[in-house]
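Q: Requesting a structural model of the entry that follows:
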Amino acid sequence: MKLPPGVAAQPSASRGRLHLEPDSAPRGPRDTFQRDRDRIVHSVAFRRLRHKTQVFVAPDGDHFRVRLTHSIEVAQIGRTIARALGLNEDLTEALCLAHDLGHPPFGHVGEDALNSALTAAGGFDHNAHTLRILTRLETAYPDFDGLNLSWEALEGLAKHNGPLETTTWAMAEANGQWDLELSSWPSLEAQVAAIADDIAYDNHDVDDGLRSGLLQLDELVGLPLIRRHWDAIAARHPGISIEKRQRALVRDMIGTMVGDVLDETRRRVAKFGVATVDDVRAAGRALVGFSSALAEEERELKRFLYERLYDSPQLQGIRKEAERIVSNLAAAYLDDPSRLPPPWQRGEGVDQQRTIGDFIAGMTDRYAISRHEELVGPANLPADRF
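A: Numbering: from 1, shown residues only. The predicted model follows:
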């Protein structure tokens, strides 16, 4: 069952783009949100995600997720949910594909290191940096900086995790350029992107954790949510290999979570009488989400993943070195900005420090490692990184 049609974002009702774009060049039969998605896919920042950490730092194994493959999986889940609910699939996909563009090398540990190094310049936040990339740092167009995405795309990326009570300097800068109404709830498409992100990383981290050997199957199936699916797969397919059963587990878990989100979202929209996009923004709460029962089981799964995977001794040692690499790079460039490539040698004081942050945040894992070896010394990451 689809939601009331008035709750979906409509390209014909878009608030438009900040910079006027005359229709003087061939663009093809695409609406506003389709162009948003395509601009993201063709951006330099999107291509860099193929060599940025998801869970495993600069993984040697070809089968582990990186930021790019994660973003594609999020988009697949997001489109499925949007289609079933009658929301705008193209806007949903654009938000899913772009939500991690602002991550620096080495994921969250790189973000922590960069935030500490740039304290005097206001710090660093990956979500705000996504907006900075899309409004300033991408330079594909002759008449303006940034990708000139629609208001709905920028608003959804700014607050896909909910309203912002406080803002970092980068988010305030983007909002000062164009009011994104940060205190209200975002569109349903943005809320779908957020829950699709959770569903994707919950399940692909289970898959990658088992593949790496850092997660133990006998411990994982101790979780009721996992056990139900694990036993159901065995009943449907007796005698299949453990590997096939694990792959089926991930598929079934995604299917269960998506189905629960669809039912719960329909229930909330009906309960609160939401019929328009304005109703969504004024609802005062998330309308897309898990049921209370599944939400508790999903939190239990996350606690398990933090304890057994993200905070495991094997990964913590690697992440500590990754954090050192980013900290050392920041110190080297802040100490001598002439070490930056010529196009990045600009600005003074805080502006210069933020430019250094932009440069480091744009690095892939492997480029950060090579620059560290050139400027500072060896990067002591183990040869076997799963």
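Q: Just checking the distance from the host helix or strand of residue 355 to the centre of its chain.
A: Remark: residue 355 resides in helix 349-361, with elements defined by DSSP states H and E. The chain centroid and the centroid of helix 349-361 are separated by 22 Å under CA atoms, centre = their mean, to the nearest Å.
Q: repeat for stretch 101-119
A: Worked out by CA atoms, centre = their mean, stretch 101-119 lies 14 Å from the chain centre.
Q: likewise stretch 232-244?
A: The answer for stretch 232-244 is 33 Å, by CA atoms, centre = their mean.
Q: Give me the distance between the two termini of it.
A: 14 Å (CA to CA, to the nearest Å).
Q: From here on, call the first residue 826.
A: That works, and once the first residue is 826, the last one we named lands at stretch 1057-1069.
Q: Flag the shaky bits of the protein, pLDDT-wise.
A: 848-851, 883-887, 1208-1211 (pLDDT under 70).
Q: Residue 1159 and residue 1165, how far apart?
A: 10 Å (CB to CB, to the nearest Å). Just so you know, the C-beta spots here come from the backbone N, C-alpha and C atoms, and that holds for glycine as well.
Q: got any residues that touch both of the two?
A: residue 1181 (CB atoms under 8 Å, 6 or more residues apart in numbering).
Q: Three-state assignment for residue 987, please.
A: Secondary structure assignment for residue 987 (DSSP: H, G, I helix; E, B strand; the rest coil): coil.
Q: May I have the residues that are in contact with residue 1115?
A: Applying CB under 8 Å, 6+ apart, the residues near residue 1115 are 1020, 1082, 1085-1086, 1089, 1123.
Q: Could you report the neighbour count for the nearest residue to residue 960 once chain neighbours are set aside?
A: Nearest non-adjacent residue to residue 960, counting by CB to CB, 6 or more residues apart in numbering: residue 971, 4.1 Å away. Using other CB atoms under 10 Å, residue 971 is surrounded by 23 other residues.
Q: quick one: residue 971 from residue 900, how far?
A: Look at residue 971 and residue 900: by CB to CB, they are 21 Å apart.
Q: got it, and residue 852?
A: Residue 852 is 22 Å from residue 900, by CB to CB.
Q: Which one's more surrounded, the two?
A: Neighbour comparison, residue 852 and residue 900: the larger count goes to residue 900, with 25 against 11 (by other CB under 10 Å).
Q: How about the secondary structure of that one?
A: Under three-state DSSP, residue 900 comes out as helix.
Q: For it, which residues are in contact?
A: Counted by CB under 8 Å, 6+ apart, residue 900 has contacts 917-918, 921-922, 1021.
Q: ok, for it, nearest residue in space, not its chain neighbours?
A: Nearest to residue 900 is residue 921, by CB to CB, 6+ apart, at 3.9 Å.
Q: Show me the helices in the stretch 826-975 of the chain, by range?
A: Residue ranges of the helices in the stretch 826-975 of the chain, as given by DSSP state H, counting those that start in this stretch, are 857-866, 869-873, 892-910, 914-923, 932-942, 951-957.
Q: Those: which one's closest to residue 1132?
A: Residue 1132 lies closest to helix 932-942 among the helices of the stretch 826-975 of the chain, at 16.3 Å (CB to CB).
Q: contacting residues for residue 869?
A: 963, 965.
Q: now do residue 1031
A: 1040, 1045, 1051, 1074-1075, 1078, 1126, 1130.
Q: and it, how far is that from residue 1085?
A: Counting by CB to CB - residue 1031 and residue 1085 are separated by 17 Å.
Q: these two touch, right, residue 863 and residue 855?
A: Yes: counting by CB atoms under 8 Å, residue 863 touches residue 855, with 6.8 Å between them.
Q: quick revisit: now render the contacts of residue 1031 as CSV, adding neighbour count and distance to residue 1180.
A: Compiled in CSV, the contacts of residue 1031 are given as follows (neighbours: other CB atoms under 10 Å; distance: CB to CB, whole Å):
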residue, neighbour count, distance to residue 1180
1040, 19, 40
1045, 20, 44
1051, 20, 46
1074, 22, 46
1075, 18, 41
1078, 22, 43
1126, 20, 40
1130, 20, 36
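Q: Residue 1170: which of the residues you listed is nearest?
A: Distances from residue 1170 to the contacts of residue 1031, taken by CB to CB, are shortest for residue 1130, at 41.8 Å.
Q: what about the closest one, which SS state?
A: helix.
Q: residue contacts, it?
A: Counted by CB under 8 Å, 6+ apart, residue 1130 has contacts 1027, 1030-1031, 1034.
Q: make it 7 Å
A: Neighbouring residues of residue 1130 by CB atoms under 7 Å, 6 or more residues apart in numbering: residue 1030.
Q: Quick check: the gap between it and residue 889.
A: From residue 1130 to residue 889 the distance is 15 Å (CB to CB).
Q: One more: residue 1133?
A: Taking CB to CB, one finds residue 1133 at 17 Å from residue 889.
Q: more crowded one of these two?
A: Taking other CB under 10 Å, residue 1133 and residue 889 do not tie; residue 889 has more neighbours (20 against 15).
Q: so the more buried one sits right up against residue 882, yeah?
A: No: if you go by CB atoms under 7 Å, residue 889 and residue 882 don't touch, sitting 10.3 Å apart.
Q: how near is the nearest residue to residue 1145 once chain neighbours are set aside to residue 986?
A: Spatial nearest neighbour of residue 1145, chain neighbours left out: residue 934 (7.8 Å); criterion: CB to CB, 6+ apart. Per CB to CB, residue 934 is found 20 Å from residue 986.
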